[in-house]
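Undergrad: coordinates for the following, if possible.
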Amino acid sequence: MTADPTEQERARAASVDGLLGELARQPVRPSRSITDRTLRSLRAERGLLTVAVGAGGTDRISEAAVARAVAREVSALDGVRQASVRIAGEQELRVVVEIVAVLDTPLVALADAVRAAARQAVEATAGRAPEVVDVHVHDVA
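TA: Below you'll find the predicted structure:
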């Protein structure tokens, strides 16, 4: 024979049921540490070029490092006063070189020289040639 629950036990059970119901209605958010780790991982992946995948692992080089090497090579060319470089693309490697040319420099010939220097710098730094090298002459000074 089972004993009847007392009034106090019934009140406690109702209170627990109410709390559980309230918790069940609240949205569940992942813990901050999981969210932080996921975001850090995604941010770390952004801006990296995968240059080699082999049995020994994957080699990745930051786009910033490649862009800096290209900018150094392009800036050393006669006729270039200033250069900035952007690297884009994981599947199709695209390099965008923006320059300010020295006044009275033949611009088409300079653009060809910039394109060749950029292509060579990317290949030397990242181990693969870019599919596209865009050269934008923004100004002459």
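
Undergrad: low-confidence regions, the protein specifically.
TA: For the chain, residues meeting the criterion pLDDT under 70 lie at 1-5, 28-47, 50-54, 90.

Undergrad: quick one, helices of it?
TA: 7-25, 32-45, 63-75, 107-126 (DSSP state H).

Undergrad: switch these over to CSV; also include distance to V135 and mean neighbour count.
TA: Where you see a C-beta, it was placed from the backbone N, CA and C, and this is true even at glycine. Output for those, formatted as CSV (distance: least, CB to CB, whole Å; neighbours: other CB atoms under 10 Å):
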stretch, distance to V135, mean neighbour count
helix 7-25, 59, 10
helix 32-45, 29, 10
helix 63-75, 9, 20
helix 107-126, 4, 18
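
Undergrad: could I get the ones you listed in a markdown table, plus columns for distance to V137?
TA: Formatted as a markdown table, those follow (distance: least, CB to CB, whole Å):
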| stretch | distance to V137 |
| --- | --- |
| helix 7-25 | 62 |
| helix 32-45 | 33 |
| helix 63-75 | 12 |
| helix 107-126 | 5 |
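
Undergrad: relative to V140, which of those helices is closest?
TA: When those are compared by CB to CB, helix 107-126 sits nearest V140, at 7.8 Å.
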